[in-house]
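Trainee: need the 3D shape of this:
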Amino acid sequence: MVSLQNNTLHTDLDSKPTDTFDYLHWSSCHPFHTKSNIPYSLAFRLIRICSCEETLTRRLTELTEHLKRPEGHTQSQRNTKIYSHTETPLARDTKKKNRIPFVITYNPALPNISSTLKKYFPILHTSPRCRRAIPHLPMAAFRRPKNLRDSLVHANIQKHTYVAKTV
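Mentor: Model (predicted):
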């Protein structure tokens, strides 16, 4: 929402009265980093939208109230992620990273892939050939597993060509 106050434009978050503020439940089958960054992303969204400091403070307080609901985010997770924006400015790393992604299909039963890669990466570097091929620690990246919709809905439509029979 944009408002005019004292000849200056101010922006604020606009939400409908019917908004339920439903967020991803903590016990859902999603990667940890996805669930833990929900408060951070929501706070960052508010910082970009709200132009006035008082409005931002009020909206961040409302956000902490919305996240207290049964989604399962603990108070320390909420406060750490929400208020980390206000303490440090965001600095972008402009260096190009040439890390090779280690892509694996996500499954909640998997062990911590990043720590496993860190643990066994020195074994790869015992071989000169592997050291040249993989100079830096690979980055763990998760692929979304197939779900029921992927099995039921087909994006590519097959064209049928009919040939007329000649008698």
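Trainee: quick one: the strands in the chain, in order.
Mentor: With DSSP state E as the criterion, the chain has strands at 2-5, 8-11, 101-105, 139-143.
Trainee: redo the ones you listed as a markdown table? Include distance to L152 and mean neighbour count.
Mentor: C-beta: built from backbone N, CA, C; applies to glycine. Converted to a markdown table, these look like this (distance: least, Cβ to Cβ, whole Å; neighbours: other Cβ atoms under 10 Å):
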| stretch | distance to L152 | mean neighbour count |
| --- | --- | --- |
| strand 2-5 | 43 | 9 |
| strand 8-11 | 42 | 12 |
| strand 101-105 | 19 | 12 |
| strand 139-143 | 20 | 15 |
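Trainee: which residues touch the most centrally placed residue in the chain?
Mentor: Nearest to the mean C-alpha position of the chain, counting by Cα atoms, centre = their mean, stands T34 at 4.6 Å. For T34, the contact set (Cβ atoms under 8 Å, 6 or more residues apart in numbering) comprises L24.
Trainee: how much space separates it from H66?
Mentor: Distance of T34 to H66, given as Cβ to Cβ, to the nearest Å: 18 Å.
Trainee: quick one, phi psi at P111?
Mentor: Here is the backbone geometry of P111 (degrees, to the nearest 10): phi -70, psi 180.
Trainee: count of neighbours near it?
Mentor: 7 (other Cβ atoms under 10 Å).
Trainee: how close does it sit to K35?
Mentor: Noted for P111: a distance of 18 Å to K35, by Cβ to Cβ.
Trainee: from memory R131 sits against H125, does it?
Mentor: Yes: taking contacts as Cβ atoms under 8 Å, R131 lies within contact range of H125: 4.9 Å.
Trainee: point out the other helices and strands that the lengthiest helix in the chain packs with.
Mentor: Counting residues, the longest helix in the chain under DSSP state H turns out to be helix 53-67. With contacts taken as 3 or more Cβ pairs under 8 Å, 6 or more residues apart in numbering; DSSP states H and E, helix 53-67 sits against helix 38-49, helix 75-87.
Trainee: so for the shortest one, what's the average pLDDT?
Mentor: Over the span of helix 38-49, the pLDDT mean works out to 87.
Trainee: mean pLDDT per helix and strand in the chain: which one sits at the bottom?
Mentor: When the helices and strands of the chain are scored by mean pLDDT, DSSP states H and E, helix 75-87 comes last with a mean of 64.
Trainee: low-confidence ranges in this structure?
Mentor: Judged by pLDDT under 70, the chain has its weakly predicted residues at 69-96, 154-164, 167.
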